[in-house]
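Undergrad: Below are the sequence and a predicted model; questions follow.
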Amino acid sequence: MGTTILSPQPSILPFPARTCRKPPRSSVIMSVLTPPTFINFNEDDNQSLKIDHTRSYNITPTTSDTLYQDNWLETIAIDYISKAFQETGGLRNEKSGYNGFVAVSTAVFRGFNPTQQREIVHKTLEKAIPGFILIMAMVCIVDTQIRTMMPQSKFTREFFAIFTTVFFRWLVGPGEVRESEFEGRKERNVVHIHKCRFLEQGNCVGMCTNLCKMPTQEFIKKKFGIPVNMVPNFDDMSCEMIFGQDPPEQEDDLAFKQPCYKLCKVKKRHNASCIK
């Protein structure tokens, strides 16, 4: 059953100033949804964060985030999904590159409740993923044929792990395929993301769980017929995607029991309520 998303009354407010770090070059111009809804928020893009491992969930300022050198195809992909996100949420963002994508994500997180956030991500993926697969893999697969062509098996679990590692580095950061035991035998069905780009840039547990973990798990299961459990590590900002494993119910999921970072830049709530 779909969720009706109520947009707040339109008002025109500026997005935060650009970061001092030079963003990737891109010729893609962000589109404007008519009529747009503008959500104002304050964000300090000049101060980025890193984990202090001497204390759980305690972070200290540093001068820069992990530096990514996106190539032209990755830049197109970032702007493409950012544009789809804006259109779905009724937003406009003049920033390009990954900083622009995170700015839109932050606006959605601040402007909508968790149910609405996940619905917006679902609709964004519906718009963006089929076209992205066509661009990146030059393969067009009709949704209704995917389950028949790619039933759940060792091959499909390992295929999704490899595909995610190769084609979504620009979105979540570098990772590698790892082996795990599945129904008594070894499979390479786990993607280990060394340091999640989205979590590092957003620096908010709630954005991770509501805008990435939950909607991604639901989308992949619904559209591709394969369960996936995303297990973020909020100490070192790594994450594992375990294909073929059903995620726990939300009330039992440890990711929803974690407090947010002490320098959370979004809701600035340093307890588990940040995710709600």
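TA: Looks like it came in fine.
Undergrad: Going by C-alpha atoms from here, please, whenever you check contacts or count neighbours.
TA: Will do.
Undergrad: Just the element for Phe159, please.
TA: Per DSSP states H and E, Phe159 falls inside helix 154-167.
Undergrad: buried stuff in that helix?
TA: Applying a neighbour-count criterion of 16 or more other C-alpha atoms under 10 Å, one finds Lys154, Thr156, Arg157, Glu158, Phe159, Phe160, Ala161, Ile162, Thr164, Thr165 buried in helix 154-167.
Undergrad: Ok, stretch 250-263 next?
TA: Ala255, Phe256, Gln258, Pro259, Cys260, Tyr261, Lys262, Leu263.
Undergrad: which of those residues lies closest to Gln217?
TA: Distance to Gln217 across the buried residues of stretch 250-263 (C-alpha to C-alpha) is lowest for Ala255, with 13.4 Å.
Undergrad: what sits against the closest one?
TA: Applying C-alpha atoms under 8 Å, 6 or more residues apart in numbering, we find Ala255 in contact with Thr209, Val231, Pro232.
Undergrad: Pipe those residues into JSON lines and attach neighbour count, distance to Phe243 and pLDDT per row.
TA: Below are these laid out as JSON lines (neighbours: other C-alpha atoms under 10 Å; distance: C-alpha to C-alpha, whole Å; pLDDT from 0 to 100):
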{"residue": "Thr209", "neighbour count": "22", "distance to Phe243": "18", "pLDDT": "95"}
{"residue": "Val231", "neighbour count": "18", "distance to Phe243": "11", "pLDDT": "97"}
{"residue": "Pro232", "neighbour count": "23", "distance to Phe243": "14", "pLDDT": "96"}
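Undergrad: if I look at Asn71, how far off is Arg169?
TA: 11 Å (C-alpha to C-alpha, to the nearest Å).
Undergrad: So for those two, which sits in the more crowded spot?
TA: More crowded of Asn71 and Arg169, by other C-alpha atoms under 10 Å: Arg169, with 16 against 13.
Undergrad: Quick check: that one touching Gly175?
TA: Yes. Contact criterion C-alpha atoms under 8 Å: Arg169 and Gly175 qualify, at 7.2 Å.
Undergrad: Helices of the protein, residue ranges please.
TA: Applying DSSP state H to the chain gives helices spanning 72-89, 97-111, 114-137, 143-149, 154-167, 169-172, 197-202, 205-208, 214-224.
Undergrad: Met241 is nearest to which of these?
TA: Of all the helices of the chain, helix 154-167 sits nearest to Met241, with 7.9 Å by C-alpha to C-alpha.
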